[in-house]
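Asks: I would like the atomic coordinates for the input below:
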Amino acid sequence: MSAAHHHGHDHGHGHGHSHAPANFNTAFAVGIGLNIAFVAIEGFYGWKIDSLALLADAGHNLSDVIGLVLAWVGALAGRLQPDARHTYGWKRASILAAFVNAVLLLVAMGSLGWEAAQRLQSPAPVEGLTVMAVAGVGIVVNTATALLFMRGGEHDLNLRGAFLHMAADALVSAGVVVAGGLALWFGWIWLDPVVSLLIAAVIVVGTWSLFRQSLHLLFDGVPEGVDLHAVQHLLEDLPGVARVHDLHVWAMGTSEIALTAHLAMPDGHADDAFLQHATTQLHDRFGIEHVTLQTMRVPFTRPCAAPARHDHGQAHDHVH
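Replies: A predicted model of the protein is given here:
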């Protein structure tokens, strides 16, 4: 029997995966600072002109600040070094941060929707110009903050959570501007809560995917973009491999995938070249960076149940 272990940090994943959080410290600091300042301004004017829309938006922006802090903590925790008690480090903190971020956003939208439904029953006039001006500043602040995270969002679920959170707020602020303008010009005071409801619905649809993905990864689900059956076929097609047992693929964090598997090789030809070839194939085809393969002539462990087919072509993880 021989065992091989490979960690992909030496050559990365080609997208700067493991380095992404380090580059976003400035983005988090600037984003949090900008948003705290904006919450203070919006809250003050909302209180001054008695605008429920501005106060609600200020509350929503405050949830964004909390979301950004959570995402930053998740990113920093993911970079903590492994130790004797946490051999993987704290990479999963980024998944947890993405999950909490999604839950916060869904709760914020729920409360916004509830408030809008109440206001529909008894709409009240507001100072349209002030609402438009303050919400206009919100569009600039939120768009600028969202752009800070856009680059990282393609490869890191946690950074995508931060990006979605800020992009959602830019949408909310735009809706407040439009509603303020139409209410000012046409006297449509009912429009403000209607626009709020529409924006809440759009954001919930967008956030649901983040919620579902992060919950899936929290329970060691196979990351999206990795077809477990394709991985199994790749391993089975390697020269000398008769069977593949105990194949597990899971996310260590929001940007790093791990794999373990037992390979039954009756002829016992598992040299370094074989293991390097297998590792490179898994990395290049599926982005799997942390590979551990155990080879044996005759399987001596009771194999896990074979993965069942999933409705969407995805595969369930094995169950012991």
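
Asks: Let's verify V226: helix, strand, or coil?
Replies: Classification of V226 by DSSP: H, G, I helix; E, B strand; the rest coil places it in coil.

Asks: S214 now?
Replies: Here S214 is helix, with the state taken from three-state DSSP.

Asks: go on, L293?
Replies: strand.

Asks: So it is in contact with A261, correct?
Replies: Yes: with contact defined as CB atoms under 8 Å, L293 counts as touching A261 (5.7 Å). For the C-beta atoms, the positions are set from N, CA and C on the backbone; glycine is no exception.

Asks: When the two are compared, which one has more neighbours?
Replies: Looking at L293 and A261 with other CB atoms under 10 Å, you find the greater number of neighbours at L293, namely 24 against 21.

Asks: Distance of the residue lying farthest from the centre of the chain relative to P123?
Replies: No residue in the chain sits farther from the centre than D267, which is 43.7 Å out by CA atoms, centre = their mean. Noted for D267: a distance of 78 Å to P123, by CB to CB, to the nearest Å.

Asks: which residues are contacting stretch 210-221?
Replies: Residues from elsewhere that reach stretch 210-221, judged by CB atoms under 8 Å, 6 or more residues apart in numbering: 92, 95-96, 98-99, 101-103, 105-106, 157, 160-161, 164, 223-224, 248, 250-251, 254, 317.

Asks: I meant to write stretch 190-205 there.
Replies: Outside of stretch 190-205, the residues within contact range by CB under 8 Å, 6+ apart are 53, 56, 105-106, 109-110, 112-113, 115-117, 119-120, 123, 126, 168, 171-172, 175-176, 178-180, 182-183.

Asks: can we see that at 6 Å?
Replies: 53, 109, 112-113, 116, 119-120, 123, 168, 171-172, 175, 179, 182-183 (CB atoms under 6 Å, 6 or more residues apart in numbering).

Asks: What are the boundaries of the strands in the chain?
Replies: For the chain, the strands defined by DSSP state E occupy 2-7, 243-251, 257-264, 288-296.

Asks: if I pick the residue minimising distance to the centre of the chain, what's in contact with it?
Replies: Most central in the chain under CA atoms, centre = their mean is L157, positioned 2.7 Å from the mean C-alpha point. When the contact criterion is CB under 6 Å, 6+ apart, the partners of L157 are A98, T254.

Asks: which intervals of the chain have sub-threshold pLDDT?
Replies: When residues are selected by pLDDT under 70, those of the chain lie in 1-23, 50-52, 126, 152-154, 301-320.

Asks: And the helices in it, which stretches?
Replies: In the chain, the helices defined using DSSP state H lie at 25-48, 52-77, 93-121, 128-153, 157-186, 191-218, 228-236, 272-286.

Asks: hmm, back to that, buried subset of the contacts of stretch 190-205 as a PyMOL selection?
Replies: The buried residues among these can be selected in PyMOL (16 or more other CB atoms under 10 Å) with this line:
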select buried, resi 53+109+112+113+116+119+123+168+171+172+175+179+182+183
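
Asks: Straight-line length of stretch 182-199, end to end?
Replies: Using CA to CA, to the nearest Å, one end of stretch 182-199 lies 16 Å from the other.

Asks: For that stretch, what is the distance to the chain centroid?
Replies: Chain-centre distance of stretch 182-199: 32 Å, with CA atoms, centre = their mean, to the nearest Å.

Asks: Could you do stretch 285-305 as well?
Replies: That offset, for stretch 285-305, works out to 28 Å (CA atoms, centre = their mean).

Asks: rewinding a little: of the strands of the chain, which approaches L275 most closely?
Replies: strand 2-7 (4.0 Å; CB to CB).

Asks: Count the neighbours of L259 for me.
Replies: 25.

Asks: who's in contact with it?
Replies: Counted by CB under 6 Å, 6+ apart, L259 has contacts V249, I288, V291.

Asks: Give me the buried stretch members for stretch 36-46, please.
Replies: Applying 16+ other CB under 10 Å to stretch 36-46 flags F38, V39, I41, E42, G43, Y45, G46 as buried.

Asks: mind listing what the second one touches?
Replies: Spelled out, it's V39. Neighbouring residues of V39 by CB under 6 Å, 6+ apart: A58, N61, L62.

Asks: Could you pull up the contacting residues of G180?
Replies: G180 neighbours (CB under 6 Å, 6+ apart): G128, V131, M132.

Asks: do you know how far the residue lying closest to it once chain neighbours are set aside is from S122?
Replies: Sequence neighbours aside, V131 is the residue nearest to G180 in space, at 3.7 Å (criterion: CB to CB, 6 or more residues apart in numbering). Taking CB to CB as the measure, V131 and S122 are separated by 18 Å.

Asks: Then A116?
Replies: In this structure, A116 and S122 are 12 Å apart, going by CB to CB.

Asks: now L238
Replies: The gap separating L238 from S122 is 69 Å, by CB to CB.

Asks: Give me the more crowded residue out of those two.
Replies: Counted by other CB under 10 Å, L238 and S122 do not tie: L238 has more neighbours, with 18 against 8.

Asks: Ramachandran angles for the more buried one?
Replies: Dihedral angles of L238 (phi, psi; degrees, to the nearest 10) stand at phi -70, psi 140.
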